[in-house]
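> next comes the sequence, and after it the predicted model I'd like to discuss.
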Amino acid sequence: MREEPYRWALPVLVAALVAAHSGCERQASDSASAPLAAIRATVTRAPFGNLPDGTVIDEFTLTNAAGDSVRVITYGGIITSINVRDRDGQRNDVVLGHDTLAGYLDDNSHFGAVVGRYANRIGGAQFAIDGQVYKLTANNGRNSLHGGRVGFDKAVWKAAPFEGDGAAGVKLTHTSPDGDEGFPGTLSVNVGYETREDHVQFKPDEAELSGLLSGFGGASVAIDESVNVEEYFAEVRVPLVQDKRGVADLSLDFGARSSDYSTSGSVTTSKFEIQYAPVRSTRIRASLNNAIRAPSIIELFNPNLVGQITIGEDPCAPTFDASFNVVPAVNTLQDCLRTVRPDQAAAFTAAYGNGGSTNQIPQGTASQLSQLQGGNVGLRPEEADTYSIGVSFTPQKIDRLNVSVDYWNVQIKDAIDTLPAGVILNGCPDTGDPVFCSQLSRHPTTFSLQGASVAGGGYIIQTNQNIASGESSGVDLQATYGFEFERRGSLLLALAGSYMLTNDTTPYPGAHTYDCTGLFGLTCQTVNPEWRHVARATWRLPKGLAATMSWRYISAVKEDNNDPDPTLNNSAFAGYDPFNAEIGSQSYFDLAATYELKKMEFRAGINNITDKAPPFLGSEVVGGGSPNTYSTYDMFGRQLFFAVNVGL
């Protein structure tokens, strides 16, 4: 018997979407603990009218902290109003439309509406796929316009308002069934409108402004800035084939978003995913995404200031050995002349002397030199191309087993970063590359790198730039398996792990690419274990009692300074560093229990049962002002907790 041909839904949707303001922020990562003040946005709901069949149409009003607002109704997803200020500060509604629902019911102009399945005209109100002709509803003479007589602009959309994290919005969903207005296949659509304005306001006290606090590395500076963005977005899910021989499910997902940032302009992102299930127990998926990360308020507006960085010795200044004998500068005079301007060469030569006993260039204190930090209002969003391939198994022959494996790859360009201070400090005298040397500003008279002010010089420049690129990849594994006991409840075993394959960084265009997989340290900055996982065993008893034992594991990592890679090798020290050479694998065990009694839930537990201490590292590696370890590890030892939830 001949099966029906597969019905392919048109992969087209045009949504006339206008989103309001949203923003981006990130907490300051430097010594000053700059709090984020997220300005509260609101969403309200009110009836807008009734359709002839009595269906209630709601209107949602989204308002941000500045008083700008957007109004959206559930009929056609129509934007009825956008009330914003012009360049003179006058507030006006910039959208054409009607004040009542009746106006939209009597008007076919599609003001402010979401249109689909197809935007614009389809000639003759028909099209063919694989020889099969699909006849559509004609609503523009003999043509089909914007999806037909009852397109998306006349659908009643389901609405889900939300608030939280400084944002407010409404998500609209609609499913167009197979045969809707003559179009084949089922099409699911999401559109969203969101408003958010984020504002960072940091007011340091006199002590922080003084620059005299131990461990701060410099004075704190006040911040009072915000970032806004206007966004347009749509998402579509197309089930192509379902419940056919060899194809239990074949679906496509599309999405697009256009974002116009107040600081960096417009950028467009997109996503595409395909899911294929040959049988219900096995699902294969692949996705391709283009994404961005906009600069945070801190990265943009953090004021420039001079502080300290633990980086090692100035290679052009002398040091002292354990017997207080002078040790000549690491670099020669010829090399060190690359670190100053040509007009400073004569004075620098005199200060350098013989490099040792007559070298007058001051060395840093406690392996600390000065750095100039701060934001850059000219930053652009980071861009990333990502793809993943995965498979999930829920085999029918092995009851209660679920396994999911995914390979992922992320490629980033225009990454916001600073040139690693160690690369600058050693790269300039070693190579004379202007990329490095432009980031060194020696003091005009002493030629030290121990400056105290922006105007005075004497520091390594560490301000933000769109300069880096990188690529990381890995494999994620998730698995669960359950046991059922007749009188003793159930036992669920779960594992969530990630294996890092690559973690490449190219610090600037044309630079050598180094891989931080399995490494940590001053240049890699973070801990990058090859393998980490959380394994759990949860035993649930019949009378509301459950107990969970967890095992958190982080594999061993080695210091980047000791790696043979030419960029990493000796990047923090003048040679091999035995003290911080390796952090061994770390395991933490946690125990938790819950008990439910009527409307009450009791929770208690112990984290880090063995009271395992975090690995101890030198400040040369983790940076001044930080604890002598990384937050990747459990920093607080054994912790006990107890809580009660009461339902009302």
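That came in fine, so what should we check first?
> hey, let's count contacts and neighbours off CA atoms from now on
Fine.
> packing partners of the strand ranked longest in the chain?
Criterion DSSP state E: the longest strand present in the chain is strand 465-485. Applying 3 or more C-alpha pairs under 8 Å, 6 or more residues apart in numbering; DSSP states H and E, we find strand 465-485 packed against strand 401-417, strand 489-506.
> ok, residues contacting the helix or strand that the last one is followed by?
Going back to what we said before, that points to strand 489-506. Next helix or strand after strand 489-506 toward the C-terminus (DSSP states H and E): strand 514-515. For strand 514-515, the surrounding residues in contact (C-alpha atoms under 8 Å, 6 or more residues apart in numbering) are 502-506, 565, 567-568.
> measure stretch 312-329 end to end?
Counting by C-alpha to C-alpha, to the nearest Å, you get 13 Å between the two ends of stretch 312-329.
> show me how far that stretch is from its chain's centre.
Centroid separation for stretch 312-329 versus its chain: 42 Å, with C-alpha atoms, centre = their mean, to the nearest Å.
> buried set for that stretch?
Within stretch 312-329, the residues scored as buried using 16 or more other C-alpha atoms under 10 Å are 312-319, 326, 328-329.
> can you put those in JSON lines and add distance to R283, secondary structure and pLDDT?
As requested, these are exported to JSON lines (distance: C-alpha to C-alpha, whole Å; DSSP: H, G, I helix; E, B strand; the rest coil; pLDDT from 0 to 100):
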{"residue": "G312", "distance to R283": "52", "secondary structure": "coil", "pLDDT": "85"}
{"residue": "E313", "distance to R283": "56", "secondary structure": "coil", "pLDDT": "91"}
{"residue": "D314", "distance to R283": "57", "secondary structure": "coil", "pLDDT": "95"}
{"residue": "P315", "distance to R283": "57", "secondary structure": "coil", "pLDDT": "95"}
{"residue": "C316", "distance to R283": "60", "secondary structure": "coil", "pLDDT": "96"}
{"residue": "A317", "distance to R283": "62", "secondary structure": "coil", "pLDDT": "96"}
{"residue": "P318", "distance to R283": "64", "secondary structure": "coil", "pLDDT": "96"}
{"residue": "T319", "distance to R283": "63", "secondary structure": "strand", "pLDDT": "94"}
{"residue": "V326", "distance to R283": "68", "secondary structure": "strand", "pLDDT": "94"}
{"residue": "P328", "distance to R283": "65", "secondary structure": "coil", "pLDDT": "95"}
{"residue": "A329", "distance to R283": "62", "secondary structure": "coil", "pLDDT": "95"}
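> against D224, how distant is the residue nearest in space to the middle of the chain?
The structure's the chain has its C-alpha centroid closest to R293; by C-alpha atoms, centre = their mean the separation is 6.3 Å. Using C-alpha to C-alpha, one obtains 21 Å as the distance from R293 to D224.
> swap in R283?
49 Å.
> then D504?
For D504, the distance to D224 - C-alpha to C-alpha - is 35 Å.
> which stretches of the stretch 501-648 of the chain form strands?
514-515, 519-520, 531-540, 545-554, 557-559, 582-583, 586-597, 600-607, 639-646 (DSSP state E, counting those that start in this stretch).
> please apply the same query to the stretch 251-400 of the chain.
Taking DSSP E, counting those that start in this stretch as the test, the strands found in the stretch 251-400 of the chain are 265-279, 282-293, 305-310, 319-320, 326-327, 368-374, 382-393.
> let's have those in JSON lines, adding distance to D178.
Formatted as JSON lines, the strands of the stretch 251-400 of the chain follow (distance: least, C-alpha to C-alpha, whole Å):
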{"stretch": "strand 265-279", "distance to D178": "19"}
{"stretch": "strand 282-293", "distance to D178": "24"}
{"stretch": "strand 305-310", "distance to D178": "62"}
{"stretch": "strand 319-320", "distance to D178": "78"}
{"stretch": "strand 326-327", "distance to D178": "81"}
{"stretch": "strand 368-374", "distance to D178": "56"}
{"stretch": "strand 382-393", "distance to D178": "28"}
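> go through those and name the closest to Q478.
strand 382-393 (9.2 Å; C-alpha to C-alpha).
> buried sites along stretch 479-496?
If you call a residue buried by 16+ other C-alpha under 10 Å, then stretch 479-496 has these buried ones: 479-482, 489-496.
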